[in-house]
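J.: below are the sequence and a predicted model; questions follow.
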Amino acid sequence: EAQIREFVPQEYYGISLRDGQVCWTWQDKKSGGYRSFDKERMEKICRELKGKQLTVTEVKESKSSVPSPGLYDLTELQREATRNYGYSAKQTLNIMQQLYEHHKVLTYPRTDSRYISADVAETLKERLRAISIGPYKKLAGSLIMQPLRLNKSFVDDKKVSDHHAIIPTEQFVQMDKMSTEERRIYDLVVRRFLSVLYPPCVYMQTSLKGEAAGENFAARGKVMLEQGWRVVYDQQDKEENEETEESLREQTLPVMKKGETRNIQKMELTKGKTKPPAYFTEATLLSAMENPVKYMESRDAQAVKTLGETGGLGDVDTRADIIEKGFNTYLMQKRGNEIHLTGKARQLLTLVPEDLKKPELTADWEMKLSRIAKGQMKRDVFMKEIDAYTREIVEEIKA
């Protein structure tokens with residue numbers, strides 16, 4: 001929020017050309033970026049482009065194979081449910097508990113693994129038969145009829161800790177007995193489960209580079225060759241078309257050859273303003289808690305490694321409760337999907353000792369706990385330290 005408050009937007013400029021079939025975007029020769037803060041420079045380039053032709057300098061075609069995004073652990077499922085339906089992390093966990101305990105159609109939700117073990121892999125056909133209903137009948141049916149494609153991208157004993165990824169059970173499914181919320185979460189899990197069993201999606205990516213009046217221009221497009229796992233999602237893909245200001249727009253491109261010239265039919269000086277960092281949503285806050293490294297001041301290598309190994313702040317079981325406590329104690333509030341701090345929280349952050357605000361403290365304690373587990377440190381020594389630290393900090397806050 002401090003970064004958002006202090007942010008001053010800057011106007012930037014770009015140039016787009018149209019040759020009748022393709023939209024070309026100006027590209028800075030030095031930085032490779034698609035915009036400039038120098039308006040005069042861009043206006044000068046526009047003047048120089050008048051009456052010029054564009055020469056295609058490079059045509060690159062590459063076949064890309066994209067595997068399914070992988071099975072869900074709890075945090076990833078909570079992120080998706082927030083993104084798609086605006087559910088809080090706590091709400092998603094409660095819905096999952098119902099699907100696990102009451103309906104018995106999904107496996108144990110409180111897991112931090114996105115893999116299944118080899119013995120679970122042997123039960124996949126039974127699970128597919130159980131979900132061969134309604135909207136999934138055709139998708140599951142075509143998998144049941146053939147040998148399943150199993151690989152290390154989702155079957156790996158080494159990457160399963162206490163519990164494997166969230167997948168459907170072999171239990172008979174009665175969707176009419178589920179609430180709307182339960183159906184939505186069930187749908188997310190089932191589609192993700194089906195997607196890992198389908199082949200990768202394959203497309204041809206084409207990148208074009210061109211030159212006009214000594215300036216570089218670029219364009220790109222893709223053609224889907226094999227839908228693969230994307231058939232599971234039909235038209236549901238929203239993320240595909242999300243573009244950042246810095247990226248090139250995907251378009252359908254004609255066949256082009258290096259060296260050919262194109263007539264510039266239309267030219268436009270585009271402009272926009274830089275945006276402040278986005279407010280956290282529950283989805284992005286969960287990601288930040290899982291991987292808080294970029295919010296650390298010290299970037300101490302050992303602390304970074306420890307936080308990576310221990311799964312960040314909180315764990316898959318407690319993150320939802322930590323966020324919920326922030327709301328319940330009126331430190332955070334939601335405006336739409338955005339999470340904002342309250343006045344009470346800002347006051348707390350100015351009063352609280354520096355240590356307590358830093359992920360480094362979690363890393364430090366996790367390292368000591370790990371040493372106790374390995375027998376390199378005595379539990380009593382650690383507890384005495386915590387005791388002394390607590391007294392010291394309480395005195396500091398009192399003062």
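T.: That came through, no problem.

J.: looking at the protein, which strand is longest?
T.: Counting residues, the longest strand in the chain under DSSP state E turns out to be strand 53-66.

J.: which residues of this protein score low on pLDDT?
T.: Low-confidence segments of the chain, defined by pLDDT under 70: 235-246.

J.: so where's the longest helix in it?
T.: When the chain is parsed with DSSP state H, its longest helix is helix 379-398.

J.: ok, and what's touching that one?
T.: Leu351, Val352, Pro353, Asp355, Leu356, Lys368, Leu369, Ile372 (C-beta atoms under 8 Å, 6 or more residues apart in numbering). (Each C-beta comes from the backbone N, C-alpha and C, glycine too.)

J.: what about burial for these, which qualify?
T.: Those of the contacts of helix 379-398 that meet the buried threshold are Lys368, by 16 or more other C-beta atoms under 10 Å.

J.: just the helices in this structure please.
T.: 2-6, 39-49, 74-85, 89-97, 118-121, 124-130, 137-144, 180-197, 282-290, 301-310, 319-328, 343-351, 359-373, 379-398.

J.: tabulate those helices (CSV), appending distance to Trp24.
T.: Below are the helices of the chain laid out as CSV (distance: least, C-beta to C-beta, whole Å):
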stretch, distance to Trp24
helix 2-6, 34
helix 39-49, 11
helix 74-85, 33
helix 89-97, 44
helix 118-121, 48
helix 124-130, 47
helix 137-144, 40
helix 180-197, 35
helix 282-290, 33
helix 301-310, 42
helix 319-328, 45
helix 343-351, 47
helix 359-373, 44
helix 379-398, 60
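
J.: ok, which of these comes nearest Pro109?
T.: Of all the helices of the chain, it is helix 89-97 that lies closest to Pro109, at 3.7 Å by C-beta to C-beta.

J.: helices or strands next to that closest one in the packing?
T.: Applying 3 or more C-beta pairs under 8 Å, 6 or more residues apart in numbering; DSSP states H and E, one finds that helix 89-97 contacts helix 74-85, helix 180-197, helix 319-328.

J.: columns distance to Gly312 and mean neighbour count on top of the ones you listed, output as JSON lines?
T.: As requested, the helices and strands packed on helix 89-97 are exported to JSON lines (distance: least, C-beta to C-beta, whole Å; neighbours: other C-beta atoms under 10 Å):
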{"stretch": "helix 74-85", "distance to Gly312": "9", "mean neighbour count": "22"}
{"stretch": "helix 180-197", "distance to Gly312": "22", "mean neighbour count": "20"}
{"stretch": "helix 319-328", "distance to Gly312": "9", "mean neighbour count": "17"}
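
J.: make CSV from those and add distance to Tyr136 to it.
T.: Output for the helices and strands packed on helix 89-97, formatted as CSV (distance: least, C-beta to C-beta, whole Å):
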stretch, distance to Tyr136
helix 74-85, 18
helix 180-197, 6
helix 319-328, 27
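
J.: who's in contact with the residue nearest to Glu181 when sequence neighbours are not counted?
T.: Nearest in space to Glu181, with sequence neighbours left out and distances taken as C-beta to C-beta, 6 or more residues apart in numbering, is Ile95 at 5.2 Å. By C-beta under 8 Å, 6+ apart, Ile95 lies in contact with Ala81, Tyr87, Glu181, Glu182, Ile185.

J.: swap the cut-off to 7 Å and go again
T.: Applying C-beta atoms under 7 Å, 6 or more residues apart in numbering, we find Ile95 in contact with Glu181, Glu182, Ile185.

J.: surely Leu269 touches Ile15?
T.: Yes - Leu269 is within contact range of Ile15, at 6.0 Å (criterion: C-beta atoms under 7 Å).

J.: neighbour-wise, which of the two wins?
T.: Taking other C-beta atoms under 10 Å, Leu269 and Ile15 do not tie; Ile15 has more neighbours (23 against 14).

J.: got a list of what the closest residue to that one other than its chain neighbours touches?
T.: Spatial nearest neighbour of Ile15, excluding adjacent residues (C-beta to C-beta, 6+ apart): Trp26 at 3.8 Å. By C-beta under 7 Å, 6+ apart, Trp26 lies in contact with Gly14, Ile15, Tyr34, Glu215, Phe217.

J.: and the buried ones among the residues you listed, selectable in ChimeraX?
T.: Provided next is the ChimeraX selection string for whichever of the contacts of Trp26 are buried by 16+ other C-beta under 10 Å:
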select :14,15,34,215,217
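
J.: can you lay out the contacts of Trp26 as TSV showing distance to Ile45?
T.: Output for the contacts of Trp26, formatted as TSV (distance: C-beta to C-beta, whole Å):
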residue	distance to Ile45
Gly14	10
Ile15	6
Tyr34	13
Glu215	6
Phe217	11
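
J.: coming back round to it: closest one to Leu313 out of the contacts of helix 379-398, please.
T.: Nearest to Leu313 among the contacts of helix 379-398, counting by C-beta to C-beta, is Leu356 at 12.4 Å.

J.: and the residue lying closest to the closest one once chain neighbours are set aside, how far is that from Asn328?
T.: Among residues not flanking Leu356 along the chain, Ile393 sits closest, at 7.1 Å (C-beta to C-beta, 6+ apart). Ile393 is 23 Å from Asn328, where distance means C-beta to C-beta, to the nearest Å.

J.: ditto for Phe193
T.: Counting by C-beta to C-beta, the gap from Phe193 to Asn328 is 34 Å.

J.: try Ser36
T.: In terms of C-beta to C-beta, Ser36 sits 47 Å off from Asn328.

J.: any buried residues in stretch 312-319, and which?
T.: By neighbour count with 16+ other C-beta under 10 Å, stretch 312-319 contains the buried residues Gly312, Leu313, Gly314, Asp315, Val316, Arg319.

J.: and the two most separated of those?
T.: It's Leu313 and Val316 that sit farthest apart of these, by C-beta to C-beta, at 11.7 Å.

J.: straight-line length of stretch 104-115, end to end?
T.: 20 Å (C-alpha to C-alpha, to the nearest Å).

J.: same question for stretch 327-334.
T.: 8 Å.

J.: now that stretch, how far from the centre of its chain.
T.: 24 Å (C-alpha atoms, centre = their mean, to the nearest Å).

J.: let me see the contact set for the residue nearest to Ser247 when sequence neighbours are not counted.
T.: Among residues not flanking Ser247 along the chain, Tyr34 sits closest, at 7.9 Å (C-beta to C-beta, 6+ apart). Contacts here follow C-beta under 7 Å, 6+ apart; on that basis Tyr34 touches Gly14, Thr25, Trp26, Gln27, Glu246, Leu248.
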